[in-house]
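# Got a sequence here, can you model it:
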Amino acid sequence: MNPAIGLTLEQEFSLRDFTDQVRQMSREQAQEFLIVQHRLMLVQKVSYQELLKQR
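Down below sits the predicted model:
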């Protein structure tokens, strides 16, 4: 993430909460979580590209 782009206080809190949750996961849980998150990011990217094509 670009450190020059600041987060809101709410986003900072959300990140801290997320960090705590991830640190409590087992290695296997964390790996599965990362795979799911990567897939969601790819779907989001394709969705944005499709929306931009429609403009």
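
# where in the chain is pLDDT low?
Scanning the chain for pLDDT under 70 picks out 1-4.

# Just give me the residue closest to the centre of it.
residue 37 (6.4 Å; C-alpha atoms, centre = their mean).

# Specify the local secondary structure of that residue.
The local conformation at residue 37, judged by DSSP: H, G, I helix; E, B strand; the rest coil, is helix.

# what residues are up against it?
Counting by C-beta atoms under 8 Å, 6 or more residues apart in numbering, residue 37 makes contact with nothing. The C-beta positions use only the backbone N, C-alpha and C, and glycine is treated the same way.

# got the contact list for stretch 8-17?
Contacts of stretch 8-17 (C-beta under 8 Å, 6+ apart): residue 7.

# Identify each buried residue in it, please.
Residues of stretch 8-17 classed as buried by neighbour count (16 or more other C-beta atoms under 10 Å): none.

# Export only the CA atoms of that stretch, formatted as CSV.
Written as CSV, here are the backbone C-alpha positions of stretch 8-17 (Å, rounded to 0.1, in the frame of the first residue of the first chain):
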residue,chain,number,x,y,z
THR,A,8,-9.3,7.4,7.9
LEU,A,9,-9.5,6.7,11.6
GLU,A,10,-12.2,4.2,10.9
GLN,A,11,-10.0,2.5,8.3
GLU,A,12,-7.1,2.4,10.7
PHE,A,13,-9.3,0.8,13.3
SER,A,14,-10.6,-1.8,10.8
LEU,A,15,-7.0,-2.6,9.7
ARG,A,16,-6.0,-3.1,13.4
ASP,A,17,-9.0,-5.4,14.0
